[in-house]
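K.L.:
show me the folded form of this:
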Amino acid sequence: MITRRTRQAPGRADPVPASPVQPPVLVGRRRIAELTGSWRTALRIARRESRRARRRTALVLAMIALPVAALAFLAANYDMAELTAQERVDRRLGVADAELQWVANGPVGQDEWGEGWNTQDGKPPPRVTAAQMTALLGPGSRVTEVRPHAPLTLRGPDRDENVSGRVLDLGDPLARGLVRFLAGRAPQQPGEVAVSPAALRRLDLRLGDAVTVADGSRAYTVVGVVEFPDDLGPVVALHPGAVPKTGPGPDSVWLADIPGTVDAALVSRLNDRGVVVTARHSDGPGDGANRTRFGFIGASDANDLSTGVLIAGLGLLEVVLLVGPAFAVGVRRRRRDLALVAVAGGDAAQLRRVVLADGVVLGVLGAAVGLIVGVGAAFAGRPLMEEYVFGLRFGGYRCWPAALVLLGAVAVLAGVLAALAPAWTAARQDVSAGLAGRRTPPVSPARWLVVGLALVVGGAGLAAYGSSRTSPAVILTGLILGELGLVSCTPTLITTLARLGRLLPLAPRIALRDASRNRAAAVPAICAVMAAVASSVALGGYLASDGVRDARAYQPMLPTGHMLVYQNGSGQQPTLAQVVDAAQDQLGVDAVAAVHTPDCDATGTVYCDIAPVLPASRACPWQIGDDLPASHRQQARSDPRCELDPSEGYVQPEVDDGSALPLLTGADPTTTAAASAVLRAGGVVVTDPRYLHDGLVTVRVSRVDTGRDQLTTLRDLPGYALPRAVGYPRLLLSTGAARQLGVSWSSSGWVVGTTIPPDEEQQARFTAALRSFGTFSLNVEQGSAPRDVSPLLLLIAAAAGLITVGAAGIATALAAAEGRAELTTLAAVGAAPALRRLLAICQAGVIAGLGSVLGIVAGLGTAAIVLFSVNRQYASDWPVPDPYPILVPWPTLGVLVLVPVVAMLGAGLFTRARLPIERRLD
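P.N.:
Predicted structure coming up:
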């Protein structure tokens, strides 16, 4: 239809129509309606596109839904494991009306739920009986005592096992409500016990079997199998008559059956007597402030929260980088449709909305799938989590709705952010080129390189500053900025490599060209690999350095392989010959000596401190705990007397005649002979030569009795200093020196000299050989080797490798789908079928190799910056701390170097060699 303009008379001007003035409200509503309609259309297009490209949709959904499902699983389990205040009270009370705990001998104040209390009287509570507790509650009341903590060591099939004992009368309905009976009956006499399923498994028991205490003093018969909801580990329920009576104290509670309700008057009356009350329906003096587990967020909590947010931000960035290539390929495959939208009148904002709607739709779908799968897995796997992870029964079925809403919002945000760069590219494409199906050459403005380098430098500086201030939040912020800077620099790097690829053979040249032409898909994949590798290398470098530093700072207790043996309790001690026989039979050594400890008073009513005194000329002028100015710290760092101040450390006093000296200090035979001669002459031996002056050692004995009166004695005794001693600083007194100082001594254990540290099985056999004398504790010196962090480093590297292989596979598959037309052209000109497989190998190598190289460089640089900054922070401190060595985590690098090879082999294995042949109509 042709519209003709109306003719007017000459000389008359065209009438100007009066434009009506529209109210601003109508304009605003029109704009909102246009925006709503535009988004509605974009969402419909995105929904249609998700159905058409089902493989790409499934890929994006999997990458978004997997982390959401994992986090939803953790959130639901955490919410179910965190009992509410009412659930905690119900678990503590069972069927009782109240739980009473006598904590003081005077008035106490408590919170509403009886979980917190305070008192001004520090005197211990009195010893009371059930009759006295019943009298406090009034007529018609009934109580039963429960002692929830009674450590117990029982004989197992292979070794002694430590279990948790609980003293309660399961025949009483009040106590029976605390457990769930699985089999058998309640113990009715002191020689009977009920055990948990975990204790049955660990001790290899059945109903009716007998179990013996480790020292052989008592045996019990298993008559029941019970489960304590608050502890699914090895627990043994003992009859009240099986253990001696003790005062109630903090570890003894009373379950009460009270007629009527527990009102505020009863709670106040019990509080005045020093009793804390936990009631099912409390009307106590609490104000309800303690209902909330987390009433406020302190500085430490805020720092942890910010650190967690930044770690979540790193994870979000990783997901965005992995999902980004899929959106980029989708935009290129739809460039004709987007060009048609532009021809039909769509502006740049509407084109961006069309692409961003893909991120919204897939983000919502991914969030929904992830939340459903995560919460469903948490509910289905609840028994396994209770049994093997948390070790207790959960509360009600909950899923932490606030956390799930946040996870869903983050998933949608990840989808939108992943589609942001492709949306921006789609809004700037050439319409005519899009209609013709031609590619538009990518452009990398120089400003992105400048911005990227600035972010890298700024992020490194911020990470260094955060490490000097020991602020994880600042360090992570610097790492995020540095990673974003590398993302900005990667397009320029790919362009440079593509230009250098002219010298390469056909397949790698095409792979580099495709990566340069399809930067919107290649750059995010490379950066995802780089981020994962950099994080693993940086963490691996720090862990390796920290392990070596700890090994350098380690102070051994004994020579490597030697063992200290202590007897638990006050039973009959074995003789030295009996310990030697056990060591010969089980450990194959006979180097055993008794260890004697000096004391000022055998009754234990007098505190005694026996230590050597450093001569004044050798003592450091400054004290370690003082807040010294910078000038004094510098002087202390340069003063050789202040390198190690023994007066600030503890020196272990012992009484010896020379028999235990070589086993405790590792002295050679010549040194041992000289030291033993001094001990036989009534002298002392020290392991630090600085205590020796003019052939004498000054020994200080400080006595403090119960009246807090202190008596200090100084005496110069003939001494000998071991030139090279191993272990703690020691002061070895002869029996004559101990008598001169007025102290006594007693046997405290034995030292056993072995060539190599005995393993757990040998230690168990050794203690079993002495079982008739009771239970024993063993301290084995394992040496100062750096702790083995290789499993953790390999685990971190494996996680990074999995991300690398996944990113390379995704990018290679998308590149193959995008380059199908080029493969058809190669087939038409006679290319060999193996070229397609070789091209896939090279494309995976570009993604995985370039990302791994950048990640290794970035990770090593990050670790070096952090460690160097921490060392600089302590450069002016005194005492001088051991610096962190800057090391290369070779196990991590070894795995990460092989990962690109694995990715390339996988791409070659799963790519069909036959080139596609299609009919093209141009």
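K.L.:
tell me the domain boundaries of this protein?
P.N.:
Domain assignment for the chain by automatic domain parsing gives 87-283, 504-554+785-922, 563-615+646-780.
K.L.:
now render those domains as JSON lines, adding mean neighbour count.
P.N.:
Using the backbone N, CA and C atoms, a C-beta is placed for each residue, glycine as well. Putting the domains of the chain into JSON lines (neighbours: other CB atoms under 10 Å) gives the following:
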{"stretch": "domain 87-283", "mean neighbour count": "18"}
{"stretch": "domain 504-554+785-922", "mean neighbour count": "20"}
{"stretch": "domain 563-615+646-780", "mean neighbour count": "17"}
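K.L.:
would you format these as a markdown table with mean pLDDT and distance to Pro67 included?
P.N.:
Below are those laid out as a markdown table (pLDDT from 0 to 100; distance: least, CB to CB, whole Å):
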| stretch | mean pLDDT | distance to Pro67 |
| --- | --- | --- |
| domain 87-283 | 82 | 30 |
| domain 504-554+785-922 | 77 | 12 |
| domain 563-615+646-780 | 84 | 39 |
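K.L.:
how about Gly908, nearest residue that isn't a chain neighbour?
P.N.:
Ile841 (4.4 Å; CB to CB, 6 or more residues apart in numbering).
K.L.:
the one you found contacts Ala903, correct?
P.N.:
No - with contact defined as CB atoms under 8 Å, Ile841 does not reach Ala903; the gap is 9.1 Å.
K.L.:
which neighbouring elements make contact with whichever strand or helix holds Ala58?
P.N.:
Using DSSP states H and E, Ala58 sits in helix 54-81. In terms of contacts (3 or more CB pairs under 8 Å, 6 or more residues apart in numbering; DSSP states H and E), helix 54-81 is packed against helix 299-333, helix 348-380, helix 382-385, helix 401-427.
K.L.:
summarise which helices and strands the third one is packed against.
P.N.:
Secondary structure elements in contact with helix 382-385, counted by 3+ CB pairs under 8 Å, 6+ apart, are helix 54-81.
K.L.:
outside of the next helix or strand after the helix it packs on, which residues touch it?
P.N.:
Moving toward the C-terminus from helix 54-81, the next helix or strand (DSSP H and E) is helix 85-93. Residues from elsewhere that reach helix 85-93 (CB atoms under 8 Å, 6 or more residues apart in numbering): 83, 99, 113-115, 177, 229-230, 255, 278-280, 290-291, 395-396.
K.L.:
chain center to the lengthiest strand in the chain, what's the gap?
P.N.:
If you go by DSSP state E, the chain has its longest strand at strand 142-155. The chain centroid and the centroid of strand 142-155 are separated by 33 Å under CA atoms, centre = their mean, to the nearest Å.
K.L.:
likewise for stretch 199-215?
P.N.:
35 Å.
K.L.:
ok, now stretch 49-59?
P.N.:
On CA atoms, centre = their mean, the centre of stretch 49-59 falls 37 Å from the chain's centre.
K.L.:
go on, stretch 355-362?
P.N.:
The chain centroid and the centroid of stretch 355-362 are separated by 35 Å under CA atoms, centre = their mean.
K.L.:
what does it contact?
P.N.:
So stretch 355-362 is contacted by 39, 42-43, 45-47, 49-50, 57, 60-61, 64, 327, 330-331, 338, 412, 415-420, 422-423, 426-427 (CB under 8 Å, 6+ apart).
K.L.:
contacts only, for Asp546.
P.N.:
Per CB under 8 Å, 6+ apart, neighbours of Asp546: Tyr884.
K.L.:
and the longest helix for the chain?
P.N.:
helix 834-873 (DSSP state H).
K.L.:
which residues touch the helix or strand following that helix?
P.N.:
Later in the chain than helix 834-873, the nearest helix or strand by DSSP H and E is helix 890-909. By CB under 8 Å, 6+ apart, the surrounding residues in contact with helix 890-909 are 533, 536-537, 540, 790, 793-794, 796-798, 800-801, 804-805, 808-809, 812, 837-838, 840-845, 847-849, 852, 855-856.
K.L.:
mind running it again at 7 Å?
P.N.:
With contact meaning CB atoms under 7 Å, 6 or more residues apart in numbering, helix 890-909 is reached by 533, 536-537, 540, 790, 793-794, 796-798, 800-801, 804-805, 808-809, 812, 837, 840-841, 843-845, 848-849, 852, 856.
K.L.:
and the angle from it to helix 834-873?
P.N.:
160 degrees (axes from the mean of the first three to the mean of the last three CA atoms, to 10 degrees).
K.L.:
quick one, strands of the stretch 601-750 of the chain?
P.N.:
607-613, 652-655, 684-686, 696-704, 710-721, 730-733, 744-752 (DSSP state E, counting those that start in this stretch).
K.L.:
one step back: which stretch among the domains of the chain comes nearest Gly452?
P.N.:
Closest of the domains of the chain to Gly452 is domain 504-554+785-922, at 11.0 Å (criterion: CB to CB).
K.L.:
reformat the helices and strands packed on helix 54-81 as CSV; add mean pLDDT and distance to Met133.
P.N.:
Shown next, in CSV, are the helices and strands packed on helix 54-81 (pLDDT from 0 to 100; distance: least, CB to CB, whole Å):
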stretch, mean pLDDT, distance to Met133
helix 299-333, 66, 39
helix 348-380, 89, 42
helix 382-385, 92, 38
helix 401-427, 84, 43
